[in-house]
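# Kindly return the folded structure for what I paste below:
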Amino acid sequence: MADPACPQNAPYPLDLAAGDYWWCACGLSARQPFCDGSHKGGEFLPTKFTLTAPERKWLCGCKRSAAAPFCDGTHKSLPAGSAV
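Below is the predicted model of the structure:
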């Protein structure tokens, strides 16, 4: 399996309303960090998550977090300039 694209080497800090969200796992979406369907035909699928109340979340921007869709700090260990 290839690595997903890395849109940025930092998380996306977002204040989100309650509801369902689809986090982009392929890194190709133009609506980062959310899915816009760019993964179609590829090996990565978006990750659905649900919030039951408004909340501040740090969504993974490097697409390599073991806690996806949430940031776990993995971006800090990536080589400089690895974002596309």
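# residue contacts, the residue located most distally from the centre of the chain?
Largest separation from the mean C-alpha position in the chain: residue 53, at 20.2 Å (C-alpha atoms, centre = their mean). Going by C-beta atoms under 8 Å, 6 or more residues apart in numbering, residue 53 touches residue 18. Glycine gets a C-beta too; all of them are placed from N, C-alpha and C.
# For the protein, which segments count as helices?
Assigned by DSSP state H, the chain shows no helices.
# what about it, any weak spots by pLDDT?
81, 84 (pLDDT under 70).
# Would you map the strands across this protein?
With DSSP state E as the criterion, the chain has strands at 12-16, 19-23, 47-51, 55-59.
# Please tabulate the ones you listed in TSV, including the columns mean neighbour count and distance to residue 6.
Putting the strands of the chain into TSV (neighbours: other C-beta atoms under 10 Å; distance: least, C-beta to C-beta, whole Å) gives the following:
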stretch	mean neighbour count	distance to residue 6
strand 12-16	13	13
strand 19-23	15	14
strand 47-51	13	16
strand 55-59	15	14
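# got CSV for the ones you listed, with distance to residue 80 too?
Converted to CSV, the strands of the chain look like this (distance: least, C-beta to C-beta, whole Å):
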stretch, distance to residue 80
strand 12-16, 19
strand 19-23, 24
strand 47-51, 26
strand 55-59, 21
